[in-house]
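Participant: Quick one: sequence plus predicted model below, questions after.
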2 protein chains.
Amino acid sequence: MTTRTSLADLPCSVARTLDLIGDAWTVLILRDVFYGRRRFSEFADSLPIARNVLTHRLNALVAAGILRKVAYQERPLRHEYRLTDAGRDLFGVVLALARWGDQHITPAGQPAPVTFVHAVCGHDTHAEVVCAACGERLEPRDVRVRPNFGQDVPAVALAQD
Amino acid sequence: MTTRTSLADLPCSVARTLDLIGDAWTVLILRDVFYGRRRFSEFADSLPIARNVLTHRLNALVAAGILRKVAYQERPLRHEYRLTDAGRDLFGVVLALARWGDQHITPAGQPAPVTFVHAVCGHDTHAEVVCAACGERLEPRDVRVRPNFGQDVPAVALAQD
């Protein structure tokens, strides 16, 4: 990504996160890991991606501390990719992306590609993004921003349109 | 993005969403819109982005139905960009990205760049991604996937490691 250096330098957690995972293939590899895939051959079978691009993205995810490389066979040496704790915490991001796509870009007359089921409560589900303090859904008009340093982060209320 | 066509064709709402917004600048433009910015000059001042790239990304967001272009002045004709309902629904995705960055890539010894405040409950807050049915946080080990058509979507449980 040509924007890599400048994004990491912005005082913004969205920019810093996109510097690490702001690439379509990278997020789809993560989706595949959440689906249970771990091996290079599984990702190569699942995604229409060139092998050199896949290698590059997997290495970047390991370097970013999102995946870790674990040997599963000694002779010949073979590795698989597993989520770190930080990688596991991206699950919500992937589910929030899936929810938006289900709602807004599922082709007319088609169901969403998959339905998620929450084993804890037993219901069909989707992701909701809520306030950690009160549990209500976070809406743009209700969220304010308090900058913690510098002049670069605006203190305006988020847009109400 | 060289992956554009194939991503839109995958039976996956994550892929389809990334086909529309899977670009770092595009998501940062959306972040700016949620911060209250609406005009080309405001985005150009806020982001270290070339003007031709900014024009291209704004046009793509309008074409995708995420932003709409509204005239705010007649002579000379000037436009600003506002969120559509679909665009507003991306707020949760942006907040989920910000939360992950706050947790995992804030430089050691620094606070998160900004603190979000939820005006509804009055508390400092962050995004949690929860089950729409029961309100519990969605964890990879607890979510199953039921494909709604085709053979391309695996029915395996999501990864536990």
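Facilitator: Good, I have the coordinates.

Participant: Where do the domain boundaries of chain A fall?
Facilitator: For chain A, the domain assignment from automatic domain parsing gives the residue ranges A:1-84, A:90-161.

Participant: For A:Val33, give me its contacts.
Facilitator: Residues in contact with A:Val33 (C-beta atoms under 8 Å, 6 or more residues apart in numbering or on different chains) are A:67, A:81-83, A:87, B:159. Every residue, glycine included, has its C-beta placed from N, CA and C.

Participant: what's in contact with stretch A:99-112?
Facilitator: A:113, A:126-128, B:12-17, B:20, B:65, B:86, B:89-90, B:92-93, B:148-149.

Participant: Now restrict those residues to buried residues only.
Facilitator: Neighbour-count burial (16 or more other C-beta atoms under 10 Å in any protein chain shown) applied to the contacts of stretch A:99-112 gives A:113, A:126-128, B:12-17, B:20, B:86, B:89-90, B:92-93.

Participant: Surely A:Gly36 is in a strand?
Facilitator: No: according to DSSP: H, G, I helix; E, B strand; the rest coil, the state of A:Gly36 is coil, so it is not within a strand.

Participant: ok, it to B:Arg144 distance?
Facilitator: Applying C-beta to C-beta, to the nearest Å, the value for A:Gly36 to B:Arg144 is 11 Å.

Participant: Could you do A:Gln103 as well?
Facilitator: With distances taken as C-beta to C-beta, A:Gln103 is found 20 Å from B:Arg144.

Participant: same check, this time on A:Asp9
Facilitator: Distance check for A:Asp9 against B:Arg144: by C-beta to C-beta, it reads 40 Å.

Participant: Which one of these two is surrounded by more residues?
Facilitator: B:Arg144 (16 against 12; other C-beta atoms under 10 Å in any protein chain shown).

Participant: May I have the phi/psi pair for the nearest residue to the more buried one once chain neighbours are set aside?
Facilitator: Nearest non-adjacent residue to B:Arg144, counting by C-beta to C-beta, 6 or more residues apart in numbering or on different chains: A:Val117, 4.4 Å away. As for A:Val117, its main-chain torsions (degrees, to the nearest 10) stand at phi -120, psi 130.

Participant: and if you look at A:Glu42?
Facilitator: With angles defined as degrees, to the nearest 10, A:Glu42 shows backbone torsions of phi -70, psi -40.

Participant: next one: A:Thr17
Facilitator: Given degrees, to the nearest 10, the pair of backbone angles that A:Thr17 has is phi -70, psi -40.

Participant: can you check the one 5 residues further on too?
Facilitator: Here is the backbone geometry of A:Gly22 (degrees, to the nearest 10): phi -80, psi 60.

Participant: Which pLDDT value goes with A:Thr84?
Facilitator: For A:Thr84, the model assigns a pLDDT of 97.

Participant: Might you report the residue contacts of it?
Facilitator: Contacts for A:Thr84 were tallied using C-beta under 8 Å, 6+ apart; they are A:65-68.

Participant: Closest one of the residues you listed to A:Asn52?
Facilitator: Within the contacts of A:Thr84, the smallest distance to A:Asn52 is 17.7 Å, found for A:Leu67 (C-beta to C-beta).

Participant: Let me know how buried A:Asp85 is, in neighbour terms.
Facilitator: Here the number of neighbours of A:Asp85 (other C-beta under 10 Å) works out to 10.

Participant: typed the wrong thing, it's A:Leu97
Facilitator: A:Leu97 is flanked by 27 other residues according to other C-beta under 10 Å.

Participant: ok, now A:Glu74?
Facilitator: A:Glu74 - counted by other C-beta under 10 Å - has 7 other residues nearby.

Participant: Buried ones among the contacts of A:Thr84?
Facilitator: A:66-67.

Participant: Cross the contacts of A:Thr84 against strands and list the overlap.
Facilitator: Mapping the contacts of A:Thr84 onto strands (DSSP state E) picks out A:67-68.
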